[in-house]
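**Q** Got a sequence here, can you build the structure:
(2 chains)
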Amino acid sequence: MNALVRTLKIAIALACAGWIAPALADVALTTTVQKMEHVAAPDGSVATRLAPAEKVIPGDEVRYTITFVNDGKQPVDAGTVVITNPVPENTQYIGDSAFGSGTTIQFSVDGGKTFHPANELTVVRDGVKTPATAADYTTIRWVFGPALAPGGKSYVSFNARLK
Amino acid sequence: MTKQLESVCLRAPCDRGHVNNPTKQNLLTVFAAVLANVLISLKIGLDLDMDCRAGDRMALARRLPGAPLRWLVGVMLASLSLSAAAVGTTAGGRIDSAAQMTFDVGGVPQPGVTSNTASIVVDEVLDAVVVAQDAAPVSVASGATGAGLSFGVTNTGNGTEPMRLAIDAGVTGDDFNPTGAVIYLETNGTPGLQIGAGGDTAYVAGTNDPALAHDASVAVYVASNIPTGLAQGALGRVSLRAVPRTAYVETGTDDPASPAFPAPGASYPGAGDAAVGGGGNVTAVVGTTFSSNALRLRADGAYRVSAGIVTLNKTVTSVTDPQGGNRLVPGAVIHYQISTAVALGSTAQGLVVRDPIPANLAYVVGSLAVSALPFGQQVDDDFLPTGSDNTGFDGPNNSVVVTLGDIVGGAAPVVISFNATIR
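**A** Next up is the predicted model:
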């Protein structure tokens, strides 16, 4: 009888194990910000490097880097990772600075309601529809093309200038 | 390290990034606009405007002992809306950013994920600009005291800063050094410098450094004495400089010539304004106008000895009220007299005296008399300067106009008299 109960318990435990919700893909999202420092080299060229974002003043250029990692056990479907980042308040997006390996990048000028490629964005100024400039962007969106396997990691980034 | 900061801060512009087309507000462009707003009547062969408020003029004479009433260059001090190149986001502010993400697993959309918030605090830029507000050298008489120059001081940094002010009267490259220079702050609400009771406040360094929020301006005046015995046309310069007080406190100097004077990019942790949301005070960073090449921390004003070609003296000879007394009440008649004289050795060409009458006074028809008019002219009191007279009451402009033509220096003074009634 005890052996039967024990077997039954094990059987039930094994069965229950099958009913525990499957482990979700657990994707962690991290943002960091750094300051872009421009250093004049002796030959007159200007090199750029990243420094901690301390002592930022209006006019400084900062870079936001958003890293995503699949911490779960299941792959994330291809083309479904969509990252959205509003252009931070009191900054202006620096044109052509958005980056993301394997991503398609689009921008919004209406607070994130609609997104378009940069060269298709328009705004209305004085009643005339004109191409939007980086100063008009309100939000940036990256769509990651590949699937993200468990343990897979990538990042996107953009630069902005403090107003 | 300093070099890197310098290159960063030198780019710390003048760009107002939050407009669609960031424009660099060139200070020279702004100053040109200021010039355009200033009326000048300083040249031979000009119209001399004089305010009809004789009471004011007499009071001015009391405040400036030894400085006789002189005809004034009609300089209108421009307003202080400098909109100079000012940095944007207020010091101490936080800028936060967080990303959002959505994704699918096995065809099933998953709950959205939000990243941490990356936060940066905006440090304080210490910066100031001084602009001379007199578009041309101010005319003074040799020996005049308390002659005023106008300046505007703007906090072009992004925090709140008291401004430490200083004068250099020993500026070289001019003909004389004004003496006894005193700084005044515009405090009594009346544009222009007023010295004395009810006037503007004298500046005392360290005691009443004017505190300016970012982008705010204050009008500052310098009153100096002009040495005696100067030649006509002699030029004397006075330089006013302003340094944000934090820079002075941190370095001990407000003199750009001192080796301790900070360069752009010099930073002082904890010396800036308080961070929003707590966390102490931000770093104060010296801005670009501290560069020795920019020197917008100072501006020069100038005096030019230019007295004595034409002198106008306006007086009230009597007041007669309806009851026969001399009270200034509605109905009282004020008898004005203007005496014009041209200094020996000069000729005033095409001299026209125009006296605008305030709206609360009414010119008494027929009261205008001129002791000596150019040949063939007479007083034509038909309420309009018409025809060839050009002497009479200009109704549409509510002014008494007297055309005197060319007057050679040394001639007897021309006396103009007229009456006006208090409405």
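**Q** Pick out the residue of the stretch 301-423 of chain B closest to chain A.
**A** B:Gly301 (30.6 Å; CB to the nearest CB). Placement of C-beta: from N, CA and C, glycine included.
**Q** who does the helix or strand where that residue lies touch, helix- and strand-wise?
**A** Assigned by DSSP states H and E, B:Gly301 falls within strand B:298-305. With contacts taken as 3 or more CB pairs under 8 Å, 6 or more residues apart in numbering or on different chains; DSSP states H and E, strand B:298-305 sits against strand B:128-132, strand B:138-140, strand B:147-155, strand B:235-244.
**Q** Surely B:Val249 forms part of a helix?
**A** Yes. Checked against DSSP: H, G, I helix; E, B strand; the rest coil, B:Val249 lies within a helix.
**Q** Return the member of the helices and strands packed on strand B:298-305 having the minimum mean pLDDT.
**A** Lowest mean pLDDT within these: strand B:138-140, at a mean of 81.
**Q** counting contacts, what elements does that one pack onto?
**A** By 3+ CB pairs under 8 Å, 6+ apart, strand B:138-140 packs against strand B:147-155, strand B:298-305.
**Q** Out of the ones you listed, which gets nearest to B:Gly279?
**A** strand B:147-155 (23.3 Å; CB to CB).
**Q** Buried deepest among the helices and strands packed on strand B:138-140, which one?
**A** strand B:147-155 (a mean of 25; mean count of other CB atoms under 10 Å in any protein chain shown).
**Q** Skip ahead from it and say which helix or strand is next.
**A** strand B:161-168.
**Q** State the mean pLDDT of the helix or strand just after that next one.
**A** Using DSSP H and E, the helix or strand that follows strand B:161-168 towards the C-terminus is strand B:179-185. For strand B:179-185, the mean per-residue pLDDT is 94.
**Q** which helices and strands sit right next to the helix or strand following strand B:179-185?
**A** Heading C-terminal from strand B:179-185, the first helix or strand you meet, by DSSP H and E, is strand B:201-202. Using 3+ CB pairs under 8 Å, 6+ apart, the elements in contact with strand B:201-202 are strand B:179-185.
**Q** in the strand it packs on, what counts as buried?
**A** Burial within strand B:179-185, assessed by neighbour count using 16 or more other CB atoms under 10 Å in any protein chain shown, is assigned to B:Ala181, B:Ile183, B:Tyr184, B:Leu185.
**Q** contacting residues around the first one?
**A** Residues near B:Ala181 by CB atoms under 8 Å, 6 or more residues apart in numbering or on different chains: B:Ile167, B:Ala169, B:Val222, B:Ala223, B:Ser224, B:Val238.
**Q** which one of the residues you listed sits closest to B:Ala266?
**A** B:Ala266 has its nearest neighbour among the contacts of B:Ala181 in B:Ile167, at 24.6 Å by CB to CB.
**Q** circling back: dump the residue contacts of the residue of the stretch 301-423 of chain B closest to chain A.
**A** Applying CB under 8 Å, 6+ apart to B:Gly301 gives the contacts B:Ala132, B:Asp134, B:Val138, B:Leu149, B:Ser150, B:Phe151, B:Val222, B:Arg237, B:Val238, B:Ser239, B:Leu240.
**Q** measure it to B:Ser339 for me?
**A** As judged by CB to CB, to the nearest Å, B:Gly301 and B:Ser339 stand 31 Å apart.
**Q** ditto for A:Gly151
**A** The spacing between A:Gly151 and B:Ser339, counted by CB to CB, is 99 Å.
**Q** more crowded one of the two?
**A** A count of neighbours by other CB atoms under 10 Å in any protein chain shown puts B:Ser339 above the other of A:Gly151 and B:Ser339, at 16 against 11.
**Q** Let me see the confidence value for that one.
**A** pLDDT for B:Ser339: 88.
**Q** Equivalent analysis for B:Leu72, please.
**A** On the pLDDT scale, B:Leu72 is placed at 32.
**Q** close to chain B, is the strand ranked longest in chain A?
**A** Looking across chain A with DSSP state E, the single longest strand is strand A:27-40. Yes. Strand A:27-40 is in contact with chain B by CB under 8 Å from any CB of the partner chain, via A:Val27, A:Ala28, A:Leu29, A:Thr30, A:Thr31, A:Thr32, A:Val33, A:Glu37, A:His38, A:Val39, A:Ala40.
**Q** Name the nearest residue to the third one, ignoring sequence neighbours.
**A** Right, A:Leu29. Residue nearest to A:Leu29 in three dimensions, not counting chain neighbours: B:Ser115, with 4.0 Å by CB to CB, 6 or more residues apart in numbering or on different chains.
**Q** next one: the fourth one
**A** Across the structure, with CB to CB, 6+ apart as the measure, the residue nearest A:Thr30 apart from its sequence neighbours is A:Thr67 (4.8 Å).
**Q** you'd agree B:Leu230 is up against B:Ser142?
**A** Yes. B:Leu230 lies in contact with B:Ser142 (CB atoms under 8 Å); the separation is 4.1 Å.
**Q** higher neighbour count, those two?
**A** Each of B:Leu230 and B:Ser142 has its neighbours counted (other CB under 10 Å); B:Leu230 has more, 20 against 17.
**Q** Who are the contact partners of that one?
**A** With contacts defined as CB under 8 Å, 6+ apart, B:Leu230 is in contact with B:Ser142, B:Asp175, B:Phe176, B:Val305.
**Q** And the residues you listed, which two are furthest apart?
**A** Taking CB to CB, the two most distant members of those are B:Ser142 and B:Asp175; they sit 11.1 Å apart.
**Q** Let me see the ranges of the helices in chain A.
**A** Using DSSP state H, the helices of chain A run over residues A:2-19.
**Q** now the strands: where do they sit in it?
**A** Along chain A, the stretches classed as strands by DSSP E are A:27-40, A:46-52, A:61-70, A:81-86, A:91-93, A:99-100, A:103-108, A:122-125, A:128-131, A:139-144, A:153-162.
**Q** hang on, the earlier thing: beta partners for the residue nearest to A:Thr30?
**A** Taking DSSP bridges as the rule, A:Thr67 bridges to A:Thr30, A:Tyr155.
**Q** Report how many residues lie close to it.
**A** By other CB under 10 Å, the residues close to A:Thr67 number 16.
**Q** Quick check: it touching A:Gly152?
**A** No. With contact defined as CB under 8 Å, A:Thr67 and A:Gly152 do not form a contacting pair (11.6 Å).
**Q** Which pLDDT does the model give B:Val105?
**A** On the pLDDT scale, B:Val105 is placed at 93.
**Q** just B:Gly229 next, same as before
**A** For B:Gly229, the pLDDT comes out at 85.
**Q** which one is it nearest to, not counting chain neighbours?
**A** Per CB to CB, 6+ apart, closest to B:Gly229 is B:Ser142, 6.2 Å.
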